[in-house]
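Novice: Here is my input; please provide its structure:
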Amino acid sequence: MAGTMRVPRSRGGLSGTLLVLLGLWGGLLPFAGPYADFGFAPDDPWFYDTDRLQLSVAPAAAVVLSGLIVLFSANRAFAMFGAWLGVLGGAWFAVGGPVAALWDVPGVGAPLGTQEGRRVAEQLAGFTGLGVLVVFFAALALGRFAVVGVREAAALDGEAEPRGSGTTQPLVYGRYARENPPPAQPGPAQPFPPGDQRVAGEHGGHDR
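Specialist: Numbers count the residues shown, from 1 in each chain. Next comes the predicted model:
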């Protein structure tokens with residue numbers, strides 16, 4: 001059972017890297033976006049309030065932590081925990097705004113764009129579309145860690161089978177043993193069992 005918990009660290013390499021990058025993007029866009037005139041009002045860079053903490057910083061921190069766990073963990077259960085953390089962070093990016101409005105959180109601010117297409121792009125890049133991408137890659141990592149690969153299964157089978165278990169030979173004595181000698185085994189010669197008749201020409205065991 002313990003062997004099935006070990007996974008290669010490369011298993012979550014792609015998903016973990018993308019989760020870290022997406023988390024950083026979601027956390028920094030409301031603060032650094034005004035430098036490129038792409039983001040949310042107010043247009044002052046690094047403007048901070050509790051709404052941005054709840055809707056951008058908190059889910060971004062969860063997604064970045066998720067990506068780091070998926071990227072570096074060699075334990076299947078811990079890596080799956082990291083993937084689930086990413087799913088929750090991505091879901092909050094996607095639906096956090098409407099849900100938080102239920103407890104009077106107005107949001108991070110209106111998109112800075114003046115054209116409809118630009119405003120849609122800012123909303124997708126900062127929240128809805130970003131959340132969907134995060135959930136996708138976190139679910140991809142979750143699926144990869146939930147299965148045991150072929151190489152891992154083969155390694156587990158090799159560990160479970162005792163060394164030399166496939167080369168045991170039956171114990172035979174008398175004329176059949178003389179005519180069909182078993183392969184030589186290391187170690188001292190074994191004595192004949194009581195009551196067995198020694199065949200002429202055989203060596204080892206009891207000498208009379």
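Novice: now the helices for the protein?
Specialist: 13-32, 50-52, 58-72, 76-100, 116-126, 128-146, 150-160, 175-179 (DSSP state H).
Novice: could those go into TSV alongside mean pLDDT and distance to Phe38?
Specialist: The C-beta positions use only the backbone N, C-alpha and C, and glycine is treated the same way. What follows is the helices of the chain, written out as TSV (pLDDT from 0 to 100; distance: least, Cβ to Cβ, whole Å):
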stretch	mean pLDDT	distance to Phe38
helix 13-32	95	8
helix 50-52	93	16
helix 58-72	96	17
helix 76-100	95	17
helix 116-126	95	6
helix 128-146	94	13
helix 150-160	54	44
helix 175-179	55	87
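Novice: just those: most buried one?
Specialist: Burial of those is given as mean neighbour count (mean count of other Cβ atoms under 10 Å); helix 58-72 ranks first at a mean of 23.
Novice: on contacts alone, who are the packing partners of it?
Specialist: helix 13-32, helix 76-100, helix 128-146 (3 or more Cβ pairs under 8 Å, 6 or more residues apart in numbering; DSSP states H and E).
Novice: that older thread, looking at the helices of the chain, which is closest to Asp44?
Specialist: Of all those, it is helix 13-32 that lies closest to Asp44, at 9.6 Å by Cβ to Cβ.
Novice: one step back: what would the helices of the chain look like in a markdown table with distance to Pro42?
Specialist: As requested, the helices of the chain are arranged in a markdown table below (distance: least, Cβ to Cβ, whole Å):
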| stretch | distance to Pro42 |
| --- | --- |
| helix 13-32 | 10 |
| helix 50-52 | 11 |
| helix 58-72 | 19 |
| helix 76-100 | 17 |
| helix 116-126 | 14 |
| helix 128-146 | 21 |
| helix 150-160 | 52 |
| helix 175-179 | 94 |
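Novice: ok, Arg119 touching Gly113?
Specialist: Yes - between Arg119 and Gly113 there is a contact under Cβ atoms under 8 Å: 4.4 Å.
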